[in-house]
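*Asks:* Below are the sequence and a predicted model; questions follow.
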Amino acid sequence: SSSFWHLQPKQGREEAYAKLDTSGGGSKRIRENIEYAYLSDFAFLVFKNSDARSELRKQIVSLINPHLPNHK
């Protein structure tokens, strides 16, 4: 989990979810314990804004491949 997204545990699996401390166990642990992921209010507002989305996209691309020229 992160400050910009959150996980919603499945109903009745809250206690098991609370005990999870790593992503180990793969997709089975996810399917058993997590209903869905959702964005924080702040992240949702950033992604709704086209200018902010564009800037975020450029930053991600530059982090993934710093040798590429800046993209618009």
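*Replies:* That came through, no problem.
*Asks:* Going by C-alpha atoms from here, please, whenever you check contacts or count neighbours.
*Replies:* Fine.
*Asks:* So which bits of the helix or strand that contains residue 31 are buried?
*Replies:* Counting by DSSP states H and E, the element that carries residue 31 is helix 26-33. The neighbour-count check on helix 26-33 (16 or more other C-alpha atoms under 10 Å) flags 30, 33 as buried.
*Asks:* what comes up buried for the very next helix or strand once past that helix?
*Replies:* Next helix or strand after helix 26-33 toward the C-terminus (DSSP H and E): strand 34-39. Across strand 34-39, burial judged by 16+ other C-alpha under 10 Å covers residue 34.
*Asks:* other SSEs contacting whichever helix or strand comes after strand 34-39?
*Replies:* Downstream of strand 34-39, the first helix or strand assigned by DSSP H and E is helix 41-48. Helix 41-48 is packed against helix 50-64, with contacts defined by 3 or more C-alpha pairs under 8 Å, 6 or more residues apart in numbering; DSSP states H and E.
*Asks:* same thing but 10 Å
*Replies:* strand 5-9, strand 34-39, helix 50-64 (3 or more C-alpha pairs under 10 Å, 6 or more residues apart in numbering; DSSP states H and E).
*Asks:* The first one: which residues count as buried?
*Replies:* Within strand 5-9, the residues that qualify as buried are 7, 9, counting by 16+ other C-alpha under 10 Å.
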